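Student: I'd like to go over a predicted model; first the sequence, then the structure.
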Amino acid sequence: MAVAEFMDYVEKHQNDFVERLRKAVAIPSVSGDPNHRPDVFRMGEFLVNELKALGASVETRDLGKQDFHGTQTLDLPPIVLATIGNDPTKKTILVYGHYDVQPALKEDGWATDPFVLVEDDKQRLIGRGSSDDKGPVLGWINVVEAHKNLGLELPVNIKFCLEGMEESGSEGLDELIYQEADKYFKDVDAVTISDNYWLGTTKPCLTYGLRGVSYFHLTIKGPAADLHSGVFGGTIHEPMSDLFAVMSKLVSPNGKILVPGVYDQVRAMTAEEEATYESLDFSLDDLHGAVGNKTNIHSDVKSVLQHRWRYPSLSLHGIEGAFYNPGDKTVIPSKVIGKFSIRSVPDMDPKKLTELVEKYVTDEFNKLGSKNTMIIKCSHDGNHWLASPNHPNYVAAAKAVETVYKVKPDLTREGGSIPVTLSFQDALKKNVLLLPMGRGDDGAHSINEKLDRSNYIQGTKLLGVYLHEVAKVEL
């Protein structure tokens, strides 16, 4: 009866919830832009006020200062910690989300002002942060409001951990999680994150795995300054030529990583895992729509998804120090930095991966016989994350999906990385569930980011019903 009453309330008050999202989207909380740093603080205050109005016990944690690329020092936005309920007989669910957003300008190609929420004729709520991650964060607040206004007791205690730097590396968050593991987070029974998306556009999913990412900078340095190619071309070892030669040996055009030993670390496929690919709601048309053309390497859905989720990939990202403006410039750059990353999977060890890359790149550079100098460094080595879809936390979420959407959810992994999942899992020793609200075509970091009204409202119902289901299981 309580679940039905809750879901009915959400349906009837959806316009109020859309208005709440409208107010949040209007705050341009772009963490990566120093000019918008005050807006990130303002967004944090917005959430503090919303939570306090619902009776939450709220505290904020100051994370100190940020050295912004050596150009200036900025205040880091606070972590918002909020608690609703402290009944020792109930389970405590930790909800993580972030209130900062990616940059967005009308001139980037947006059809509307990115910081004015617009609902189009397809009932899509268009605006920066609507799907990533303001809509999902507000979905949890909507759940609390619905129970409060109905006079219904929440079936669990809820703790919120909301940060304002997720789009800029989550600076300071890991330290706080480990510091508070036996303090603020000590009574947490499970963690839930709604900061990812459905596999496609029609069917909900539960996500139980993410790839890690190791990012590399390959620096090759030669002459003391940039040189004229007409005077010095053909007389010196050119750093750019060396860089192209080495980077061409990293990955083949069909996506195969050429660094020896990488695939030796990859966990073997089990029959159980193989079976999970049989009924997923995804087609090659979904891939073509997301990419904008048909440049896919693999010709069947299973292979596409396996190479997106459970096999490593190596991508070349750019070259720092090279001429890149329009027009002609006959310069030989004195130093260039090639940037590439490897997405890692179970059972790859980030430290071992770095060792393999450093040895291989060094060997390939030495084969050139160049008199330039080379340095290869890993700037970031986030590990992969994997949970079990059979864990009671996931079973509860699956039942909630069936209640709200009348279908069994797809069980998916994702190719991207959400480092905080691993931090919570390692620090708290608790199960982490990824319970997405938005669709696979929301365009979270792109122009015209949107969250369908139906996903926002049904997603709010899902979050609430999940709390009722997880209250019944043994975690």
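Tutor: Here it is on my side, so go on. Just so it is clear, the structure is predicted and the values come from calculations on it, not from any experiment.

Student: show me what counts as buried in stretch 11-18.
Tutor: Neighbour counts over stretch 11-18 (16 or more other CB atoms under 10 Å) mark 13-14, 17-18 as buried. In this view, the C-beta of every residue, glycine as well, is placed from N, C-alpha and C.

Student: out of those residues, which sit inside strands?
Tutor: Among those, none falls in strands (DSSP state E).

Student: can you redo those as JSON lines with distance to Ser29 and pLDDT?
Tutor: JSON lines is the format used below for the buried residues of stretch 11-18 (distance: CB to CB, whole Å; pLDDT from 0 to 100):
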{"residue": "His13", "distance to Ser29": "25", "pLDDT": "98"}
{"residue": "Gln14", "distance to Ser29": "24", "pLDDT": "98"}
{"residue": "Phe17", "distance to Ser29": "19", "pLDDT": "98"}
{"residue": "Val18", "distance to Ser29": "19", "pLDDT": "98"}
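
Student: quick one: the strands in the stretch 351-475 of the chain?
Tutor: Along the stretch 351-475 of the chain, the stretches classed as strands by DSSP state E, counting those that start in this stretch are 373-382, 385-386, 410-414, 432-434, 450-452.

Student: residues contacting the most centrally placed residue in the chain?
Tutor: What sits nearest the mean C-alpha location of the chain, by CA atoms, centre = their mean, is Ile418, with 4.4 Å. Counting by CB atoms under 8 Å, 6 or more residues apart in numbering, Ile418 touches 193, 195-196, 210, 385, 434.

Student: change it to 10 Å
Tutor: 96, 166, 170, 193, 195-196, 207, 210, 382, 385, 432, 434 (CB atoms under 10 Å, 6 or more residues apart in numbering).

Student: what of His468?
Tutor: By CB under 10 Å, 6+ apart, the contact list for His468 reads 2-3, 6, 152, 154-156, 396, 399-400, 403.

Student: need the nearest residue in space to Lys91, chain neighbours excluded.
Tutor: Closest residue to Lys91 apart from its sequence neighbours, by CB to CB, 6 or more residues apart in numbering: Asp189 at 4.4 Å.

Student: tell me how far the one you found lies from Ile158.
Tutor: Distance, Asp189 to Ile158, by CB to CB, to the nearest Å: 11 Å.

Student: and the buried residues of stretch 11-18 as CSV, adding distance to Arg128?
Tutor: CSV is the format used below for the buried residues of stretch 11-18 (distance: CB to CB, whole Å):
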residue, distance to Arg128
His13, 24
Gln14, 21
Phe17, 18
Val18, 16
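
Student: looking at the residues you listed, which are in helices?
Tutor: 14, 17-18 (DSSP state H).

Student: ok, those vs Ser344, which is closest?
Tutor: Nearest to Ser344 among these, counting by CB to CB, is Phe17 at 38.3 Å.

Student: residues touching the closest one, list them.
Tutor: 10, 135, 138-139, 141-142, 145-146, 453, 456-457, 460.

Student: list buried residues within these.
Tutor: 10, 135, 138-139, 141-142, 145-146, 453, 456-457, 460.

Student: any idea how this protein splits into domains?
Tutor: Following automatic domain parsing, the chain resolves into domains at 2-210+385-470, 212-267+310-382.

Student: measure the first one end to end?
Tutor: So the one you mean is domain 2-210+385-470. 15 Å (CA to CA, to the nearest Å).

Student: what of stretch 297-314?
Tutor: End-to-end distance for stretch 297-314: 14 Å, by CA to CA.

Student: could you dump stretch 206-218 to CSV, C-alpha only?
Tutor: The C-alpha trace of stretch 206-218 is given here as CSV (Å, rounded to 0.1, in the frame of the first residue of the first chain):
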residue,chain,number,x,y,z
LEU,A,206,21.5,-2.3,-13.5
THR,A,207,25.2,-1.7,-14.0
TYR,A,208,27.7,-3.9,-12.2
GLY,A,209,31.0,-3.2,-13.8
LEU,A,210,33.2,-0.3,-15.1
ARG,A,211,36.5,-0.2,-16.9
GLY,A,212,39.5,1.5,-15.3
VAL,A,213,41.6,4.0,-17.1
SER,A,214,45.4,4.6,-17.2
TYR,A,215,46.4,7.8,-18.9
PHE,A,216,49.9,8.3,-20.4
HIS,A,217,52.0,11.2,-21.5
LEU,A,218,54.8,10.4,-24.0
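
Student: what residues sit buried inside it?
Tutor: Neighbour count says stretch 206-218 has 206-214, 216, 218 buried, by 16+ other CB under 10 Å.

Student: any idea of the mean pLDDT in it?
Tutor: Average pLDDT, stretch 206-218: 96.

Student: just stretch 49-67 next, same as before
Tutor: 97.

Student: now it: buried residues?
Tutor: Buried-residue list, stretch 49-67, by 16+ other CB under 10 Å: 50-51, 54, 56, 58, 60-61, 63, 66.

Student: how about stretch 187-205?
Tutor: 188-201, 203-205.

Student: same deal with stretch 377-391?
Tutor: For stretch 377-391, a neighbour-count test (16+ other CB under 10 Å) marks 378, 381-387, 389, 391 as buried.

Student: what does stretch 244-253 give?
Tutor: Quick answer for stretch 244-253 (16+ other CB under 10 Å): 246-247, 249-251.

Student: got it, and stretch 120-139?
Tutor: For stretch 120-139, using 16+ other CB under 10 Å, the buried residues are 124-139.

Student: extract the CA atoms of that stretch and return them as PDB.
Tutor: Extracted in PDB, the C-alpha atoms of stretch 120-139 (Å, rounded to 0.1, in the frame of the first residue of the first chain):
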ATOM      1  CA  ASP A 120      10.300  20.100 -26.100                       C
ATOM      2  CA  ASP A 121       7.400  18.500 -27.900                       C
ATOM      3  CA  LYS A 122       8.900  15.000 -27.200                       C
ATOM      4  CA  GLN A 123       8.800  15.700 -23.500                       C
ATOM      5  CA  ARG A 124      12.500  15.900 -23.200                       C
ATOM      6  CA  LEU A 125      13.900  18.100 -20.500                       C
ATOM      7  CA  ILE A 126      16.900  19.800 -22.200                       C
ATOM      8  CA  GLY A 127      19.600  21.600 -20.200                       C
ATOM      9  CA  ARG A 128      23.100  21.100 -18.900                       C
ATOM     10  CA  GLY A 129      23.100  18.800 -15.900                       C
ATOM     11  CA  SER A 130      19.500  17.600 -16.400                       C
ATOM     12  CA  SER A 131      20.800  14.000 -16.700                       C
ATOM     13  CA  ASP A 132      24.300  14.300 -15.400                       C
ATOM     14  CA  ASP A 133      23.700  14.400 -12.400                       C
ATOM     15  CA  LYS A 134      21.200  17.000 -11.200                       C
ATOM     16  CA  GLY A 135      18.100  15.000 -12.300                       C
ATOM     17  CA  PRO A 136      19.100  11.800 -10.500                       C
ATOM     18  CA  VAL A 137      20.300  13.800  -7.300                       C
ATOM     19  CA  LEU A 138      16.900  15.600  -7.200                       C
ATOM     20  CA  GLY A 139      15.200  12.300  -7.800                       C
END
